[in-house]
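A.B. asks: Sequence and predicted structure are below.
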Amino acid sequence: MLSIDQYAHINKLATINANQKISLSIGALLFVWLTKNLAVTIWTFVLLSFVIVYIARIPLRFYLMLLLAPASFCLLGVLSIALSYTTSTLPSEVIWEVTIFKLTIFIIERDLNQAVQLFYTAFGTVTCLYSCILTTPMYEINNLLKKLKVPDILIELMTLTYHFIFLFLDCMVKVYTAQQTRLGHQSLKNRYHSLSLLIAALFREIFYRHDQLVLAMKARNIDSFLIPTNFYKKKSTSKKLTWITVTYFSINMVLWLL
């Protein structure tokens, strides 16, 4: 299966100006975060999912798999906020309760509303971020950050972190597959042993890749991880994406004011 970074380079919006795509994503994120409106969040999720799957041609199955991870974290956050417990008298505004021995677990309406709002706001912002990273290569995001006068050291740290995350995942998949073919996960003892070998292999691979990267930079007399601005190719804007952006924010204003 292709990674997020690979889809960012080969999707149907990869040839479109990065400023246009990032403006839609960040604008949508700010709108969802500031308004905390359920209708706005649902509309944002539907429209950006349409852009990701239908226009950028990111496979639906891959996109749904990406949504599973933040959804699980959001659900855990919802449960931790919505559920309360006590061994004494219950508050008067309880809407649900269950008693286990002497411990009473309950939900009050205020906490439930807060938990639901947290869930849809967090999930909406995640969709906005996916619409950015699935359609825009990292080097184009870096170029925009340089134009916004973000310090180079911060951009380099972000680039290296992003780069090594995918190296880490690639190495993990290869080592895990090799262990599976050798029946390395057949028993509990073998699983723990294979896990320790996997962790050791990951650290060795990351340090090796880092050393190779530093040597390659020294050999070419390069002192920065960032691509010089003159190497960037100018990309065209999309009329379709412009109309989608205008429509999105227009409907958002209507939903927010209702």
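C.D. replies: Done, it's in.

A.B. asks: Tell me which residues of stretch 203-216 come out buried.
C.D. replies: The neighbour-count check on stretch 203-216 (16 or more other Cβ atoms under 10 Å) flags 205, 209 as buried. For the C-beta atoms, the positions are set from N, CA and C on the backbone; glycine is no exception.

A.B. asks: which residues touch it?
C.D. replies: By Cβ atoms under 8 Å, 6 or more residues apart in numbering, the surrounding residues in contact with stretch 203-216 are 164, 167, 168, 171.

A.B. asks: from those, which ones fall inside helices?
C.D. replies: If you go by DSSP state H, the contacts of stretch 203-216 have 164, 167, 168, 171 in helices.

A.B. asks: ok, now how distant is the first one from residue 57?
C.D. replies: Spelled out, it's residue 164. Applying Cβ to Cβ, to the nearest Å, the value for residue 164 to residue 57 is 28 Å.

A.B. asks: Likewise for the last one?
C.D. replies: According to Cβ to Cβ, residue 171 stands 28 Å off from residue 57.

A.B. asks: So for the two, which residue has more residues nearby?
C.D. replies: Between residue 171 and residue 57, counted using other Cβ atoms under 10 Å, the more crowded position is residue 171 (19 against 12).

A.B. asks: Correct me if wrong: that one contacts residue 200.
C.D. replies: No: assessed by Cβ atoms under 8 Å, residue 171 is found out of contact with residue 200, at 11.5 Å.

A.B. asks: Tell me which helix or strand comes right after the strand or helix carrying residue 67.
C.D. replies: Secondary structure from DSSP states H and E places residue 67 in helix 60-82. Per DSSP H and E, the first helix or strand lying C-terminal to helix 60-82 is strand 83-86.

A.B. asks: Of all pairs in the ones in helices among the contacts of stretch 203-216, which one is the farthest apart?
C.D. replies: Among the ones in helices among the contacts of stretch 203-216, the pair separated by the greatest distance (Cβ to Cβ) is 164 and 171, at 10.0 Å.

A.B. asks: where does the protein dip in pLDDT?
C.D. replies: The chain contains residues with pLDDT under 70 at 1-2, 222-232.

A.B. asks: can you list the domain ranges for it.
C.D. replies: 1-82+110-136+234-258, 150-227 (automatic domain parsing).

A.B. asks: what about the last one, distance to the chain center?
C.D. replies: The gap between the average C-alpha position of domain 150-227 and the chain average comes to 20 Å, counting by Cα atoms, centre = their mean, to the nearest Å.

A.B. asks: what about residue 123, how many residues close to it?
C.D. replies: Around residue 123 there are 20 other residues, counting by other Cβ under 10 Å.

A.B. asks: Name the helix or strand for it, please.
C.D. replies: Assigned by DSSP H and E, residue 123 belongs to helix 109-133.

A.B. asks: Show me what secondary structure element comes after that helix.
C.D. replies: Using DSSP H and E, the helix or strand that follows helix 109-133 in sequence is helix 138-147.

A.B. asks: how about that following helix: buried residues?
C.D. replies: Buried positions in helix 138-147, judged by neighbour count with 16+ other Cβ under 10 Å: 138, 140, 141, 142, 143, 144, 145.
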